[in-house]
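Undergrad: Quick one: sequence and predicted model below, then my questions.
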Amino acid sequence: EAGVVQSPRYKIIEKKQPVAFWCNPISGHNTLYWYRQNLGQGPELLIRYENEEAVDDSQLPKDRFSAERLKGVDSTLKIQPAELGDSAVYLCASSLVVADSNYGYTFGSGTRLTVV
Amino acid sequence: QKEVEQNSGPLSVPEGAIASLNCTYSDRGSQSFFWYRQYSGKSPELIMSIYSNGDKEDGRFTAQLNKASQYVSLLIRDSQPSDSATYLCAPGSQGNLIFGKGTKLSVKP
């Protein structure tokens, strides 16, 4: 079984440019998450999808970040325009969540974003 | 604000010793608890889950949970150099996991 697939692995962009990250979750997992991890910190939730619906986007900086999950499978996270402070690792995870009970996430390999 | 506190370390133990990693959390509604291991430059990997008070053992790993004290721990017996990594504590609440900053463990040969 394939795990959570993310691309690209690395991205270097100039500030004010747009960038997009892609994620394909584990088949059968109904919930998909995007997290951001800064160096020396734990992952921080950006957005959570249950099937196609974004059920928690309270931590997503909506002025520059957007996300979508078409057909309840793949997801894309976009930043436009990128700022220097957006440099981080962006992690996608998927999980089976039943009645708010979580059985643990599986993370993808992440995308390391460097904004210069 | 839901918080998860971990000692950032580094925690250094000799090979073969027991490593003890601790975590406290603020959300009393948390019902599921997870430990993730993260090697440098890699993504977090789930190693233990615990849902009920008490101990849960899996190989060299033992997770301990005390909901009344809002405390969860991870013991690693017979520590190996390959256990050197950052360990992230993650209580689950309302479908999300809230991660601590992690404890960096170093196992010396």
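TA: It's in.

Undergrad: How about the helix or strand of chain A with the lowest mean pLDDT and chain B, any contact?
TA: Every helix and strand of chain A was ranked by mean pLDDT, DSSP states H and E. The lowest is strand A:101-102, at a mean of 70. Yes - using C-beta under 8 Å from any C-beta of the partner chain, strand A:101-102 reaches chain B at A:101-102. In this view, the C-beta of every residue, glycine as well, is placed from N, C-alpha and C.

Undergrad: so where is the chain shaky, pLDDT-wise?
TA: This is for chain A. Filtered on pLDDT under 70, chain A yields the residue ranges A:1, A:100.

Undergrad: Correct me if wrong: B:Gly100 contacts B:Gln6.
TA: Yes - between B:Gly100 and B:Gln6 a contact is recorded at 4.0 Å, counting by C-beta atoms under 8 Å.

Undergrad: So for the two, which residues contact both of them?
TA: B:23, B:88-89 (C-beta atoms under 8 Å, 6 or more residues apart in numbering or on different chains).

Undergrad: Need these in TSV (columns: secondary structure, pLDDT and distance to B:Ile76).
TA: Shown next, in TSV, are those (DSSP: H, G, I helix; E, B strand; the rest coil; pLDDT from 0 to 100; distance: C-beta to C-beta, whole Å):
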residue	secondary structure	pLDDT	distance to B:Ile76
B:Cys23	strand	97	14
B:Leu88	strand	97	14
B:Cys89	strand	97	14
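
Undergrad: For A:Thr106, state which of those residues is nearest.
TA: B:Leu88 (14.1 Å; C-beta to C-beta).

Undergrad: ok so, going back, intersect the shared contacts of B:Gly100 and B:Gln6 with the contacts of chain A.
TA: Restricting the shared contacts of B:Gly100 and B:Gln6 to those touching chain A (C-beta under 8 Å from any C-beta) yields B:Leu88.

Undergrad: wait, which of the shared contacts of B:Gly100 and B:Gln6 is closest to chain A?
TA: Comparing the shared contacts of B:Gly100 and B:Gln6 against chain A with C-beta to the nearest C-beta places B:Leu88 closest, at 5.5 Å.

Undergrad: That closest one and A:Tyr105: what is the separation?
TA: 11 Å (C-beta to C-beta, to the nearest Å).

Undergrad: now A:His29
TA: From A:His29 to A:Tyr105 the distance is 9 Å (C-beta to C-beta).

Undergrad: Of the two, give the one with the bigger neighbour count.
TA: A:Tyr105 (30 against 17; other C-beta atoms under 10 Å in any protein chain shown).

Undergrad: the strands in the chain, which residues?
TA: Because you didn't say which chain, this covers chain A. Using DSSP state E, the strands assigned to chain A run over residues A:5-7, A:10-13, A:19-24, A:31-37, A:44-50, A:53-56, A:65-68, A:75-79, A:88-95, A:97-98, A:101-102, A:106-107, A:111-115.

Undergrad: please go with chain B instead
TA: Going by DSSP E, chain B shows strands at B:4-6, B:11-14, B:19-25, B:32-38, B:45-50, B:54-58, B:61-66, B:71-76, B:85-93, B:96-97, B:103-108.

Undergrad: Turn the ones you listed into TSV, including mean neighbour count.
TA: TSV is the format used below for the strands of chain B (neighbours: other C-beta atoms under 10 Å in any protein chain shown):
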stretch	mean neighbour count
strand B:4-6	20
strand B:11-14	14
strand B:19-25	20
strand B:32-38	23
strand B:45-50	18
strand B:54-58	12
strand B:61-66	18
strand B:71-76	20
strand B:85-93	25
strand B:96-97	26
strand B:103-108	18
